[in-house]
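Enquirer: attaching a predicted model along with its sequence, questions to come.
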Amino acid sequence: MKQPPVMRYETHYGQRLIRCYAERPQSVDAMFREVSARDASRIALVDEDRRISYAELEAMVAAQAAGLVARGCQPGERIGLLLNNCAEFVSLFLAAARIGMISVPMSTRQALPEIRYVLQQSRTSVLIADAACAANIPPRAEVESLRAIFTLGATETPPPEAEPFDALACAPGPDLECPAPREEDTLCLLYTSGTTGNPKGAMITHLSAVHSVLNFEWALGLQPGDVAFLSVPASHVTGLVAIILPALRVGGTTVILRDFKARKFLERAAAERINYSLMVPAMYNLCLLDKEFERFDLSSWRVAGFGGAPMPGATIEALARALPGLVLQNVYGSTETTSPATVLPPGAITAHSDTVGIPLPVADIVVVDDAGIEVPRGTTGELLIGGPMVVPGYWENPQGNANGFVSGYWRSGDLGSMDAEGFVRVVDRRKDMINRGGFKIYSIEVENALAAHPAVVEAAVIGQPDPVLGERVQAFLWLGDGQTDAEAIRAHCAARLSDYKVPEKIVFLTGPLPRNANGKVQKTELRRLTTV
């Protein structure tokens, strides 16, 4: 790996003294303006049959920014993006950044109650939604702050208050002047599942996003004009910060896949001469399981980042045999760290496959015990993560900030260690979290939904090991005298939760959940039940 960029210490967010890259764009908008002027004729986005140059993307951004201003949008207001992977997601995100609005990306797989909560908690002013999501858009009367709704695409039953997306964009006038965003301004709110049942809005700033982009550019060796593949949701920190923004930084191309299917991924990756991807291990495994994998020319594929779950040894070996020129690099981070905190160096996958790599140059990782005291190298403790990519906190959530951050460090909740060479191992999750194909699911969120069913007396949820997805959601229910069945329970959950959170296996117990002397559910006992 080449030497990292020059660094220096700076004070940010009032009291954080952090190591930063000395030379960097001052905002995401500044980064995009620079590359769109320099590489105007290069292809920025490939979306289905559309090939959009940087000049064309700049025109889209300018028109949409003007349209938002014409609708009275102000810096600091929130704009909801309930969109599938598409070029409009990218242009709207950049348009909002240009005029100082705060984007609130949401998954199109979210259910109505989840969407309503995010819109209410963020006090979103404008919502841009896929027409296919019309049934999950709450009425404006339920979201007091919501002034306008625009739907992208055709639908037979649009929300009564919605306007077509084409009504938003207008040609920018000569007097449209936007004050440059400040580094510490919030760029977007990315909502993470909460241990109390409600998601928290992590405040991604221009400072944190720009540093994450520079981290990816350096650690993965991204090159000018690289072709990146967006095969994860753009609304997720990985899709947005690990794929879209780094590709923009290097004047590269983002190939947009709206829904991941292994065969479609392979076809598009070969046709577009992919250079870079970042996916969960299950996606790579699904590609390898394609019986015609070897017929696709993937020789240009240079960097394969992965995260969200360990990469099975068999998958590492199979990729090495099939694509000897492909470099596998584990990336460890979270929404609160604006994606990467550690990266496995190129070529280290064989000797250090049990690690998540080493801390990035501007990352500061400390392993502490329960008392908050640093432990010796090689000793397990909780990982505290600091640096310019760590968010300043959660949106209007003092309790979440008090619980989640200490002196500028984010409490990861992950148990791990750092060895003498600086390689970090994650050995367990302190948070009671299920990892289904890279999607993080907090069991308490699912348990709360289950408990809302009138027939359910007690509910507990664990992760059931799965060879492809890593874990699947498994629920244990005690109904008492209630009556219901598994399909009714799933339908109940599907109306309240994202589809990947709905329990796939449901076990009906004949008595109460096993608990210890303190009344805590003994999930180890439940896990034992899955093996008998």
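Expert: Sure thing, it's come through. Computed from a prediction, not measured in an experiment: that's the story for all the values here. Numbering: from 1, shown residues only.

Enquirer: please make it C-alpha for all contacts and neighbour counts, starting now.
Expert: Will do.

Enquirer: quick one: contacts of stretch 218-230?
Expert: With contact meaning CA atoms under 8 Å, 6 or more residues apart in numbering, stretch 218-230 is reached by 1-2, 4, 42, 216-217, 239, 243-244, 247, 250-257, 269, 272-278, 303, 329, 343, 345-346, 360.

Enquirer: so where is the stretch 51-200 of the chain shaky, pLDDT-wise?
Expert: Applying pLDDT under 70 to the stretch 51-200 of the chain flags residues 173-175, 193-197.

Enquirer: please apply the same query to the stretch 401-532 of the chain.
Expert: For the stretch 401-532 of the chain (pLDDT under 70), the answer is 428-432, 516-520, 530-532.

Enquirer: where's residue 66, which helix or strand?
Expert: Using DSSP states H and E, residue 66 sits within helix 54-70.

Enquirer: can you point out the buried residues in that helix?
Expert: Going by neighbour count (16 or more other CA atoms under 10 Å), the buried part of helix 54-70 is 54-69.

Enquirer: CA atoms of that helix as CSV?
Expert: Output of helix 54-70 as CSV, limited to C-alpha atoms (Å, rounded to 0.1, in the frame of the first residue of the first chain):
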residue,chain,number,x,y,z
TYR,A,54,-20.8,13.8,-15.4
ALA,A,55,-22.1,16.8,-17.4
GLU,A,56,-25.5,15.3,-17.6
LEU,A,57,-25.5,14.4,-13.9
GLU,A,58,-24.5,18.0,-13.1
ALA,A,59,-27.4,19.3,-15.2
MET,A,60,-29.8,16.9,-13.2
VAL,A,61,-28.4,18.1,-9.9
ALA,A,62,-28.6,21.8,-10.8
ALA,A,63,-32.2,21.5,-12.0
GLN,A,64,-33.4,19.5,-9.0
ALA,A,65,-31.6,21.9,-6.6
ALA,A,66,-33.4,24.8,-8.3
GLY,A,67,-36.7,23.0,-8.1
LEU,A,68,-36.2,22.4,-4.3
VAL,A,69,-35.3,26.1,-3.8
ALA,A,70,-38.4,27.2,-5.8
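
Enquirer: which secondary structure elements does that helix contact?
Expert: Counting contacts by 3 or more CA pairs under 8 Å, 6 or more residues apart in numbering; DSSP states H and E, helix 54-70 packs against helix 28-38, strand 43-47, helix 87-98.

Enquirer: residue 76: neighbour count?
Expert: Counted with other CA atoms under 10 Å, the neighbours of residue 76 add up to 17.

Enquirer: mind listing what the nearest residue to residue 461 once chain neighbours are set aside touches?
Expert: Spatial nearest neighbour of residue 461, chain neighbours left out: residue 475 (4.4 Å); criterion: CA to CA, 6 or more residues apart in numbering. Counting by CA under 8 Å, 6+ apart, residue 475 makes contact with 459-462, 503-507.

Enquirer: one more: residue 63?
Expert: Residue 63 sits next to 169-172 when contact means CA under 8 Å, 6+ apart.

Enquirer: can you give me the strands in the stretch 151-300 of the chain?
Expert: In the stretch 151-300 of the chain, the strands defined using DSSP state E, counting those that start in this stretch lie at 162-164, 186-192, 200-205, 227-230, 253-256, 276-279.

Enquirer: how far does the second one sit from its chain's centre?
Expert: Looking back up the chat, that one is strand 186-192. The gap between where strand 186-192 is centred and where its chain is centred comes out at 10 Å by CA atoms, centre = their mean, to the nearest Å.

Enquirer: run through the helices of this structure in chain order.
Expert: Applying DSSP state H to the chain gives helices spanning 28-38, 54-70, 87-98, 112-122, 206-219, 237, 245-249, 262-271, 281-288, 313-322, 398-404, 443-451, 486-494, 523-529.

Enquirer: re earlier: residue 294 is nearest to which of the helices and strands packed on helix 54-70?
Expert: Closest approach to residue 294 among the helices and strands packed on helix 54-70 (CA to CA): strand 43-47, 24.4 Å.

Enquirer: quickly note the distance from residue 30 to residue 68.
Expert: Noted for residue 30: a distance of 19 Å to residue 68, by CA to CA, to the nearest Å.

Enquirer: and residue 320, how many neighbours?
Expert: With other CA under 10 Å as criterion, residue 320 counts 14.

Enquirer: grab the nearest non-local neighbour of it.
Expert: residue 326 (7.2 Å).

Enquirer: surely that neighbour meets residue 305?
Expert: No - here residue 326 does not reach residue 305: they are 10.0 Å apart, not a contact under CA atoms under 8 Å.

Enquirer: for the residue lying closest to residue 426 once chain neighbours are set aside, list the residues it contacts.
Expert: Closest residue in space to residue 426, ignoring its immediate chain neighbours: residue 416 at 4.1 Å, by CA to CA, 6+ apart. Residues near residue 416 by CA under 8 Å, 6+ apart: 367, 379-383, 424-428.

Enquirer: among those residues, which ones are in strands?
Expert: 367, 381-383, 424-428 (DSSP state E).

Enquirer: about what we covered before: reformat the helices of the chain as CSV; add distance to residue 200.
Expert: Shown next, in CSV, are those (distance: least, CA to CA, whole Å):
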stretch, distance to residue 200
helix 28-38, 23
helix 54-70, 26
helix 87-98, 20
helix 112-122, 9
helix 206-219, 17
helix 237, 14
helix 245-249, 23
helix 262-271, 32
helix 281-288, 26
helix 313-322, 34
helix 398-404, 8
helix 443-451, 13
helix 486-494, 21
helix 523-529, 25
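
Enquirer: of those, which approaches residue 371 most closely?
Expert: helix 398-404 (14.5 Å).

Enquirer: what residues sit buried inside the closest one?
Expert: Per 16+ other CA under 10 Å, helix 398-404 contains these buried residues: 400-401, 404.

Enquirer: could you list the low-pLDDT ranges of the stretch 201-350 of the chain?
Expert: Counting by pLDDT under 70, the ranges of the stretch 201-350 of the chain that qualify are 309-310.

Enquirer: is it true that residue 378 touches residue 421?
Expert: No - look at residue 378 against residue 421 with CA under 8 Å: they stay out of range, at 10.0 Å.

Enquirer: neighbour count winner among these two?
Expert: Using other CA under 10 Å as the criterion, residue 378 and residue 421 rank with residue 378 on top: 16 against 8.

Enquirer: ok, the more buried one - contacts?
Expert: 417-420.

Enquirer: give me phi/psi at it?
Expert: Dihedral angles of residue 378 (phi, psi; degrees, to the nearest 10) stand at phi 90, psi -10.

Enquirer: the residue nearest to it when sequence neighbours are not counted: how many residues sit nearby?
Expert: Nearest residue to residue 378 in three dimensions, chain neighbours excluded: residue 419, at 4.8 Å (CA to CA, 6+ apart). Residues within reach of residue 419, counting by other CA under 10 Å, total 14.

Enquirer: before we move on, back to that, just the buried ones from the contacts of residue 475, in PyMOL syntax?
Expert: A single PyMOL command is used to select the members of the contacts of residue 475 judged buried by 16+ other CA under 10 Å:
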select buried, resi 459+460+461+462+503+506
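
Enquirer: CSV for the contacts of residue 475, including distance to residue 11?
Expert: CSV is the format used below for the contacts of residue 475 (distance: CA to CA, whole Å):
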residue, distance to residue 11
459, 46
460, 44
461, 42
462, 42
503, 45
504, 47
505, 49
506, 51
507, 52
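
Enquirer: thought residue 104 was touching residue 77, still the case?
Expert: No - counting by CA under 8 Å, residue 77 does not reach residue 104; the two are 10.2 Å apart.

Enquirer: per-domain residue ranges of this structure.
Expert: The chain breaks down by automatic domain parsing into domains covering 49-181, 433-529.
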